[in-house]
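K.L.:
Provided below are the primary sequence and the corresponding predicted coordinates.
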Amino acid sequence: MSAFALGIVLFSALLHAGWNAMLKAVDDRAGVLGAVSLAHALAGVLLIALSPIPDRTSWPSIFISTVVHYGYYLLLFRAYRHGDLSQVYPISRGMAPAFVAISAYLIIGEGLGPMGWAGLALVSGGICLLALQRGAVRVPRTTIGLALLLGVCIGTYSVADGIGIRQAGTATGYMGWLFLCEAPVPLAIALHRRRNRGHFAPRTLILGLLGGVAAVTAYGLVLYVKTIAPLGAVSAVRESSVIIAALIGVVLFRERPWKGRLVAAVIVAMGVITLSSA
C-alpha cells in the first residue's frame, strides 16, 4: 500500500473512531444511528446531483451492500440491548479484514503477498486481543454470535463496495447512490418512535448529524482508496479505528485498564507498518 493510500485510510480510521466514541456521550444510540443514516442519505442526494450515473455493472454491488447494511443496522439495534456487546464488538472488526482479504482473493484473484498477510494478521490479532481484555471469553454465546454476524456483514459489504466502486466508472456516483439507499433506515426509526410516542432529543439529533458527516467522509475516503489499493489491506488499516477508539476512551473517558490497550495498539501499529511496506 502506498504512503498516500495509507494516510487517507488512517485519517478515515480516525474519523470513524471519533464518531463511534461520540456514542459514549449519549444514551439514545439508536437515535444517533438514525441521524447518522439521515446524514448519509442527504450526502447521497448531493453526490448524485453532482455525478454521472454509475455503470450498470456496479448496481448489483450497490444492491448487495445496501441489503447487508440494513442487516448490519438491525443487528446493531438488537445488539445494543446486550450490555456486554462492547466486550466482543472488536471481534467483529478484527475478523472483517481476514474475511475481506480471503473473499477478494477468491472472487477477483487479488492477493496481498507474504508481508501483506503478515500485516493483516497483526492488525486482526491486535484488535481481537482488545476484545479478550474486555472479557470476551466470559460473555454469553448469543453475544458472541451477534459479534460474528456483525463481522460477516462488515466483510460482505466491504467486498461488495470494493468491487462495485471499481466497476462504477465514477467513485462519487457510486457513493451517492449507496448513501441514498440508507434513507429507509432513519425513516424506519422515526416511524417506530412515533408509534411508541417517543421523541428525538435535540442533542441526539445534533450529535448524530455531526457523527454522520464524519461517517460519510470516513467511508467515502475508504471507498476511494479501494480503487487504488488492495481490498484486504484497506480493510485492515480501516479497522484500526477500534484501537484508536479504545485509546480515546483511555485519554478522554479515563477508562481502565490502559496497559493492555496500549499493547494492542502497538501490535496493530506494527501491522499497519508492515502493510505499508508490502
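P.N.:
Structure's in. What do you need? Residues are numbered from 1 along each chain as shown.

K.L.:
what are the ranges of the helices in the protein?
P.N.:
With helices called from DSSP state H, the chain shows them at 3-22, 29-50, 59-79, 85-108, 113-133, 141-168, 171-180, 184-195, 202-225, 231-238, 241-252, 259-276.

K.L.:
buried sites along the longest one?
P.N.:
So the one you mean is helix 141-168. If you call a residue buried by 16 or more other CB atoms under 10 Å, then helix 141-168 has these buried ones: 143-144, 146-147, 149-166, 168. All C-beta spots, glycine's among them, are computed from the backbone N, C-alpha and C.

K.L.:
Need the mean per-residue confidence for it.
P.N.:
Regarding helix 141-168, the rounded mean pLDDT is 91.

K.L.:
what helices or strands is it leaning on?
P.N.:
Helix 141-168 sits against helix 59-79, helix 85-108, helix 171-180, helix 202-225, helix 231-238, with contacts defined as 3 or more CB pairs under 8 Å, 6 or more residues apart in numbering; DSSP states H and E.

K.L.:
ok, now the fourth one?
P.N.:
Using 3+ CB pairs under 8 Å, 6+ apart as the contact criterion, the neighbours of helix 85-108 among helices and strands are helix 113-133, helix 141-168, helix 231-238, helix 241-252.

K.L.:
How many neighbouring residues does Ile64 have?
P.N.:
A count of nearby residues for Ile64, using other CB atoms under 10 Å, gives 17.

K.L.:
what's near enough to touch it?
P.N.:
Contact partners of Ile64, counting by CB atoms under 8 Å, 6 or more residues apart in numbering, are 156-157, 160.

K.L.:
of those, closest to Ala190?
P.N.:
Tyr157 (23.4 Å; CB to CB).

K.L.:
Nearest to Val45 among the contacts of Ile64?
P.N.:
Using CB to CB, the shortest approach to Val45 within the contacts of Ile64 belongs to Tyr157, at 20.7 Å.

K.L.:
just for the stretch 101-250 of the chain, where's the confidence low?
P.N.:
For the stretch 101-250 of the chain, residues meeting the criterion pLDDT under 70 lie at 134-137.

K.L.:
Please repeat the previous calculation with a cut-off of 90.
P.N.:
Within the stretch 101-250 of the chain, the stretches with pLDDT under 90 are 111-113, 123-148, 150-151, 185-186, 188-212, 215, 236-250.

K.L.:
I'd like to check which residues are in contact with Val159.
P.N.:
Val159 neighbours (CB under 8 Å, 6+ apart): 99-100, 103-104, 107, 231.

K.L.:
Could you do Ala171 as well?
P.N.:
165, 223-224, 227.

K.L.:
could you measure it against Leu221, distance?
P.N.:
Going from Ala171 to Leu221 by CB to CB, to the nearest Å gives 10 Å.

K.L.:
now swap in Leu75 and tell me
P.N.:
Separation of Leu75 from Leu221 (CB to CB) stands at 25 Å.

K.L.:
What of Ala49?
P.N.:
20 Å.

K.L.:
before we move on, what about Val45?
P.N.:
Applying CB to CB, the value for Val45 to Leu221 is 19 Å.

K.L.:
For those two, indicate the residue with more neighbours.
P.N.:
Neighbour count, other CB under 10 Å: between Val45 and Leu221, Leu221 has more, with 19 against 13.

K.L.:
roughly how far apart are Thr143 and Arg78?
P.N.:
According to CB to CB, Thr143 stands 11 Å off from Arg78.

K.L.:
next one: Phe63
P.N.:
Phe63 is 23 Å from Arg78, by CB to CB.

K.L.:
Over to Ala264?
P.N.:
With CB to CB as the criterion, Ala264 and Arg78 are 27 Å apart.

K.L.:
Between the two, which is the more surrounded one?
P.N.:
Shown here are Ala264 and Arg78; by other CB under 10 Å, Ala264 has more neighbours (24 against 13).

K.L.:
these two touch, right, that one and Ala246?
P.N.:
Yes - using CB atoms under 8 Å, Ala264 is in contact with Ala246, at 7.2 Å.

K.L.:
Name the residues contacting each of these two.
P.N.:
With CB under 8 Å, 6+ apart, Ala264 and Ala246 have common neighbours Leu130.

K.L.:
In contact with Gly271, which residues?
P.N.:
Gly271 touches 118-126, 236, 240, counting by CB under 8 Å, 6+ apart.

K.L.:
10 Å instead, please
P.N.:
97, 118-127, 236-237, 240 (CB atoms under 10 Å, 6 or more residues apart in numbering).
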